[in-house]
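> can't give you the sequence, but here's the structure:
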C-alpha cells in the first residue's frame, strides 16, 4: 500500500508541475488551483468549509487565502453571525482564470488516462471514491476524539 500512496503523490505532484507550466496566471501557485475550483463552485462558503472540503488544516487555508487575496483573486467578508469567520468569494480575476484552469485540468486528465479502457477507469474511479470517503471518515473520527 505504501507504493500505492507514493504513486498517487507522484501523480499529484506531476499534475501540479503540468498545470503550473500551462496556466498563464503565473502568480497562481500549484496549491491554489484547488481553491479556484472550490471557491468558484460555491461562492461565499466559509474558510472552515473550505478546509473540510479540501482536507487541509485551517491555518494552511488561511495562509493560501491571504495569498489569493493579496493577488486579487478573492474577497473575504466576515459572516454576520460570527465576525471571526469569513465568507470567501471569487473576484473577476479568479472567474477570468477559471476556464483556463478547467481546460488544463481536463487536458491533464485526458493525457493521464489515454490508452486505459473506460471500464478500467470506471472501476478505478469507484475504488478511489470509496477510499476517499473512508479517509475522510477516519480523519473526522480522529478530530472528534480530540
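Received, thanks. These figures come from a predicted structure and were not determined experimentally.

> Remind me which helix or strand the spatially most central residue of the chain belongs to.
Centroid check for the chain by CA atoms, centre = their mean gives residue 34 as the closest residue, at 2.3 Å. Residue 34 belongs to helix 33-41 when elements are defined using DSSP states H and E.

> Enumerate the positions of that helix that are buried.
33-40 (16 or more other CB atoms under 10 Å). From N, CA and C alone the C-beta is placed, and that goes for glycine too.

> With distance to residue 127 and pLDDT as new columns, can these be given to me in TSV?
Rendered in TSV, the data for the buried residues of helix 33-41 read as follows (distance: CB to CB, whole Å; pLDDT from 0 to 100):
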residue	distance to residue 127	pLDDT
33	24	92
34	21	93
35	27	95
36	27	95
37	22	95
38	23	96
39	29	97
40	28	97
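
> ok, so of these, who is nearest residue 5?
residue 34 (18.6 Å; CB to CB).

> Correct me if wrong: that closest one contacts residue 54.
Yes: A contact is recorded between residue 34 and residue 54 when judged using CB atoms under 8 Å, the distance being 5.4 Å.

> any idea how far the residue lying closest to residue 75 once chain neighbours are set aside lies from residue 37?
Residue nearest to residue 75 in three dimensions, not counting chain neighbours: residue 89, with 4.8 Å by CB to CB, 6 or more residues apart in numbering. According to CB to CB, to the nearest Å, residue 89 stands 14 Å off from residue 37.

> Now do residue 83, the pLDDT please.
The pLDDT attached to residue 83 in the predicted structure is 71.

> can you give me the angle the helix or strand where it lies makes with helix 33-41?
Element membership of residue 83 [criterion: DSSP H and E] is strand 82-90. Using axes from the mean of the first three to the mean of the last three CA atoms, to 10 degrees, one finds that strand 82-90 and helix 33-41 are set 100 degrees apart in direction.

> Now do the phi/psi pair for residue 43.
Taking degrees, to the nearest 10, you get phi -60, psi 140 for the backbone angles of residue 43.
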